[in-house]
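>>> no sequence on this one, just coordinates:
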């Protein structure tokens, strides 16, 4: 990777970047006011880790990671909630840098596991996550209301 990439915690001034990234990821325009409220709540929660990858030109991607104590694991488990790399920076190691930060956080905080869910329509993500060291071990069922 020839990019000079800086990884840092997401801050309030990153709202627009994260909003545009999530809208692109979900292929829809989300309610900005609701998004902003959730964004501010999530980045201020000490159990969450939100990271941005950037270079001199701006944001390249970001990752959001939430942790919680789960009874069936008898300990702290983390889940990647959103993971986005801009199209022109994919395949250049930016995602791996973000994942490595999550792995470091997990080790320092003695997490039992790290989980990630991907939409079935994003079939290419299965190979990406496996390449990053994840194992396809669960099914996730959803009811939308």
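Nice, I can see it. Since this is a predicted model, take the numbers as computed values, not measurements.

>>> which residues of the chain fall in strands?
Listed from the start of the chain, the chain has strands (DSSP state E) covering 6-9, 48-55, 58-70, 75-85, 113-116.

>>> Looking at those strands, spot the one closest to residue 23.
Evaluated with Cβ to Cβ, these place strand 75-85 nearest to residue 23, the distance being 10.1 Å. Every residue, glycine included, has its C-beta placed from N, CA and C.

>>> just checking, what packs against that closest one?
For strand 75-85, the contact count by 3 or more Cβ pairs under 8 Å, 6 or more residues apart in numbering; DSSP states H and E identifies helix 15-26, strand 58-70, helix 94-108, strand 113-116 as packing neighbours.

>>> Buried ones in it, by neighbour count?
Applying a neighbour-count criterion of 16 or more other Cβ atoms under 10 Å, the buried positions in strand 75-85 are 76, 77, 78, 80, 82, 83, 84, 85.

>>> and what of stretch 56-76?
Within stretch 56-76, the residues that qualify as buried are 59, 60, 61, 62, 63, 64, 65, 66, 67, 76, counting by 16+ other Cβ under 10 Å.

>>> Then stretch 114-132?
Those buried within stretch 114-132 under the rule 16+ other Cβ under 10 Å are 114, 116, 118, 125, 128, 129, 132.

>>> Contacts only, for residue 130.
Neighbouring residues of residue 130 by Cβ atoms under 8 Å, 6 or more residues apart in numbering: residue 136.

>>> what do you get for residue 89?
Contact criterion Cβ under 8 Å, 6+ apart gives 3, 53, 60, 61 as the residues in contact with residue 89.

>>> And residue 63, by the same measure?
Contacts here follow Cβ under 8 Å, 6+ apart; on that basis residue 63 touches 50, 51, 80, 82, 83, 84, 98, 99, 101, 102.

>>> Need phi/psi at the spatially closest residue to the first one that is not a sequence neighbour.
Nearest-residue entry for residue 50: residue 10, 3.8 Å, with adjacent residues in sequence omitted and distances by Cβ to Cβ, 6 or more residues apart in numbering. The phi/psi pair for residue 10 (degrees, to the nearest 10) reads phi -70, psi 140.

>>> Redo the buried residues of stretch 114-132 as JSON lines? Include pLDDT and distance to residue 94.
As requested, the buried residues of stretch 114-132 are exported to JSON lines (pLDDT from 0 to 100; distance: Cβ to Cβ, whole Å):
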{"residue": "114", "pLDDT": "93", "distance to residue 94": "18"}
{"residue": "116", "pLDDT": "88", "distance to residue 94": "16"}
{"residue": "118", "pLDDT": "80", "distance to residue 94": "18"}
{"residue": "125", "pLDDT": "77", "distance to residue 94": "15"}
{"residue": "128", "pLDDT": "81", "distance to residue 94": "12"}
{"residue": "129", "pLDDT": "84", "distance to residue 94": "15"}
{"residue": "132", "pLDDT": "81", "distance to residue 94": "12"}
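
>>> Since that was my last question, I'll sign off now.
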